[in-house]
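[1] one predicted model, sequence on top.
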Amino acid sequence: MASSCWRERSLSLSDRPDLHLFTPGPTGSTPEVIEATGRPVVPHYGERFLTVYNRCIDLFKVVFQTENDLFLIIGPGTAALDASLSSALPDGARVLVPGGGWFGRRMADMCRAHRADVDFVEFPLDEAIDPEVVRRRLETADVPYDAVAWVHHETSTGVLNPMEPVAKAAKEQGALTIVDAVASLGGVDLPVDAWGIDLCVSVTNKCLAAPPGISAVSVSSAAWEAIDSNPSSRSWYLDLRTWRSYREEWAGWHPFPSTVPSNIIEAATTSIEQILEEGLDVRIRRTAEAATAVRSGLSRLGFEMFTPDDIASPVTTTAYAHPELPAADMQRFLMERSIFISGGLADLAGRIFRIGHMGRSIERSEVELLLRAIEDALRDAGISVSDGSSLESIWV
């Protein structure tokens, strides 16, 4: 009996072939990526695997648009961000953190955990970072800032924060630039070198449409200067100097300080290859088209957008719950049909819902399936909705 119960419990949601992920991560992958994940595990060292590993790094560099050093940190984006902060910030470093939303506040918390003197400049949840506010703060500081750290795409609100003008203001004052691009890389343009980003972090399981387990961080020459002059040490594994030394000393066999998930790296390589074969610019354009279609369809159904169009990220749509249908009830209705969206976080819990435009969810058939299901949810709640009304003229 116990054995039978265990088998029943072991059947997971991922066993369902009709799973539709519209969350701001993780995301649905192509059959080829899923197949790569399920291959027999190969040793994570030696010439055969390193061909794939180095290929994955090269592909990441293309998407990051960087010639900087790049490392694949084993763990979530938080691990690579922790590695960036712990490596580059000495105790007492002055860090300016502009932002709003859950992840912007978390960036400030992470900097404080690394003993930084943090100046958190908070913006309203439905507003983007104002580069001029950042510039004035930097220029009028009594004590210069060592770094500016911020979130590119704030998935808790759907806001896309400016990158180039914030980075320019920071570099003019000699401050290091540290960016959380976890939910933007591959979904919007992100020329790391051209914009002067010193430490930029992202992951495989958002816009790159691969399984979770790997994060990536690009490291500029200015970042290395800060890292090499940092007398503080808060970690061994999450110290980028450790990763650099293994790359230099173990390059031909084991250029990383731990076991790495070989299958996930193969899957990520496959997914990024597919994106680049399609064309990064094409993938970015299709992401924006899907977001526009969803926002248009939701508006036709009576939903009010939370984030204004001019600062809305094409990667995540945020909308207020319908006056006659609580967000949690709509989520539950969709989940019962294997369609997954996300609710609001922290102050926005119960007030908004979030829809991710990543991986398979940007396909036209998926967008239309989602909107039709939301129509059904409204009708189930007793709200009059014409069949297919959300799909009228949504594709520009």
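    Here it is on my side, so go on.

[2] tell me how far the ends of stretch 170-184 are from each other?
    21 Å (Cα to Cα, to the nearest Å).

[3] what mean pLDDT does it get?
    The predicted model assigns stretch 170-184 a mean pLDDT of 98.

[4] cool, and stretch 41-57?
    Across stretch 41-57, the average pLDDT comes to 95.

[5] next one: stretch 134-143
    Over the span of stretch 134-143, the pLDDT mean works out to 97.

[6] what comes up buried for that stretch?
    Buried residues in stretch 134-143, counted by 16 or more other Cβ atoms under 10 Å: 134-135, 137-138. Using the backbone N, CA and C atoms, a C-beta is placed for each residue, glycine as well.

[7] among the residues you listed, name the ones in helices.
    134-135, 137-138 (DSSP state H).

[8] pull the most distant pair out of those residues.
    The span of these, defined through Cβ to Cβ, is set by 135 and 137 at 7.3 Å.

[9] C-terminal to whatever helix or strand residue 225 lives in, what's the next element?
    Element membership for residue 225 (DSSP states H and E) is helix 221-228. For helix 221-228, the following helix or strand on the C-terminal side (DSSP H and E) is helix 240-249.

[10] so what touches the helix or strand just after that next one?
    Downstream of helix 240-249, the first helix or strand assigned by DSSP H and E is helix 262-278. Helix 262-278 is contacted by residues 29-30, 32-34, 36-39, 41-44, 49, 52-53, 55-56, 59-60, 62-63, 72, 186, 204, 208-214, 283 when judged by Cβ atoms under 8 Å, 6 or more residues apart in numbering.

[11] helix 262-278: how far from the chain's middle?
    17 Å (Cα atoms, centre = their mean, to the nearest Å).

[12] swap in stretch 93-111?
    On Cα atoms, centre = their mean, the centre of stretch 93-111 falls 16 Å from the chain's centre.

[13] C-alpha coordinates for it, PDB please?
    Extracted C-alpha coordinates of stretch 93-111, given in PDB (Å, rounded to 0.1, in the frame of the first residue of the first chain):
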ATOM      1  CA  ALA A  93      31.100  50.000   0.400                       C
ATOM      2  CA  ARG A  94      28.700  52.800  -0.500                       C
ATOM      3  CA  VAL A  95      26.100  51.400  -2.800                       C
ATOM      4  CA  LEU A  96      23.200  53.300  -4.500                       C
ATOM      5  CA  VAL A  97      20.200  51.100  -5.200                       C
ATOM      6  CA  PRO A  98      17.400  52.700  -7.100                       C
ATOM      7  CA  GLY A  99      14.200  50.800  -7.700                       C
ATOM      8  CA  GLY A 100      10.700  49.800  -6.800                       C
ATOM      9  CA  GLY A 101       9.000  46.600  -6.300                       C
ATOM     10  CA  TRP A 102       9.900  43.400  -4.500                       C
ATOM     11  CA  PHE A 103      13.100  42.600  -6.300                       C
ATOM     12  CA  GLY A 104      14.400  46.200  -6.100                       C
ATOM     13  CA  ARG A 105      14.000  46.000  -2.300                       C
ATOM     14  CA  ARG A 106      15.600  42.600  -2.300                       C
ATOM     15  CA  MET A 107      18.600  44.000  -4.200                       C
ATOM     16  CA  ALA A 108      19.100  46.500  -1.300                       C
ATOM     17  CA  ASP A 109      18.700  43.700   1.200                       C
ATOM     18  CA  MET A 110      21.300  41.600  -0.500                       C
ATOM     19  CA  CYS A 111      23.800  44.500  -0.600                       C
END
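
[14] list the buried ones in that stretch?
    For stretch 93-111, a neighbour-count test (16+ other Cβ under 10 Å) marks 93-108, 110-111 as buried.

[15] among those, which are in helices?
    102-108, 110-111.

[16] for residue 318, give me phi and psi.
    For residue 318, the backbone dihedrals (degrees, to the nearest 10) come out as phi -120, psi 130.

[17] surely it and residue 157 touch.
    Yes. In this structure residue 318 lies within contact range of residue 157 using Cβ atoms under 8 Å: 6.1 Å.

[18] so what sits against both of these two?
    Common neighbours of residue 318 and residue 157, counting by Cβ under 8 Å, 6+ apart, are 306-307.

[19] who has more neighbours out of these two?
    Between residue 318 and residue 157, counted using other Cβ atoms under 10 Å, the more crowded position is residue 157 (33 against 27).

[20] ok, back up a step: residue 361: which of the buried residues of stretch 134-143 is nearest?
    Distances from residue 361 to the buried residues of stretch 134-143, taken by Cβ to Cβ, are shortest for residue 134, at 32.4 Å.
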